[in-house]
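Colleague: With the sequence up front, the predicted model follows.
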Amino acid sequence: MAMLTTQERLSEAREALHQLLTGTMAVSVTDQNGEKVEYRPTNRAALERYVADLEAELAGAIKPPRRILFQTSKGL
């Protein structure tokens, strides 16, 4: 199975959210790890978070953690 790009995953997730919100059907999405997740109206918020996470990833909002260096001395 080929890995999907973030844009492809976002498109699939948006389509899934649309289907969920319009009552078309329960939808399933395969995430980046190849795991299939099924969304139903009861977990709409989880699907909305997934879409928001993918949008943030595409926007470059997810940045690596910053390194904090501590410097100490004996005050001499």
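Modeller: Great, that's in hand.
Colleague: Quick one: end-to-end distance for stretch 54-71.
Modeller: The first and final residues of stretch 54-71 sit 37 Å from each other (Cα to Cα, to the nearest Å).
Colleague: if you average pLDDT over that stretch, what comes out?
Modeller: What stretch 54-71 shows for mean pLDDT is 74.
Colleague: Contacts only, for residue 12.
Modeller: The contact partners of residue 12, by Cβ atoms under 8 Å, 6 or more residues apart in numbering, come to 4, 29, 30. All C-beta atoms are positioned from the backbone trio N, CA, C, and that covers glycine.
Colleague: what's the nearest residue to the last one once chain neighbours are set aside in contact with, if anything?
Modeller: Meaning residue 30. What sits nearest to residue 30 in space, not counting adjacent residues and going by Cβ to Cβ, 6 or more residues apart in numbering, is residue 36, at 5.1 Å. Residue 36 makes contact with 28, 29, 30, according to Cβ under 8 Å, 6+ apart.
Colleague: so which helix or strand takes in residue 68?
Modeller: Counting by DSSP states H and E, there is no helix or strand that carries residue 68.
Colleague: Go ahead and build a PyMOL selection from the buried members of the contacts of residue 36.
Modeller: Buried members of these, defined by 16 or more other Cβ atoms under 10 Å, are picked up in PyMOL with:
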select buried, resi 29
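Colleague: from the contacts of residue 36, which single one is nearest residue 44?
Modeller: Checking those against residue 44 with Cβ to Cβ, the nearest one is residue 29 at 13.0 Å.
Colleague: residues contacting the residue lying closest to residue 57 once chain neighbours are set aside?
Modeller: The shortest distance from residue 57 to any non-neighbouring residue, by Cβ to Cβ, 6+ apart, is to residue 6 (5.4 Å). Taking Cβ under 8 Å, 6+ apart, we find residue 6 in contact with 54, 57, 58.
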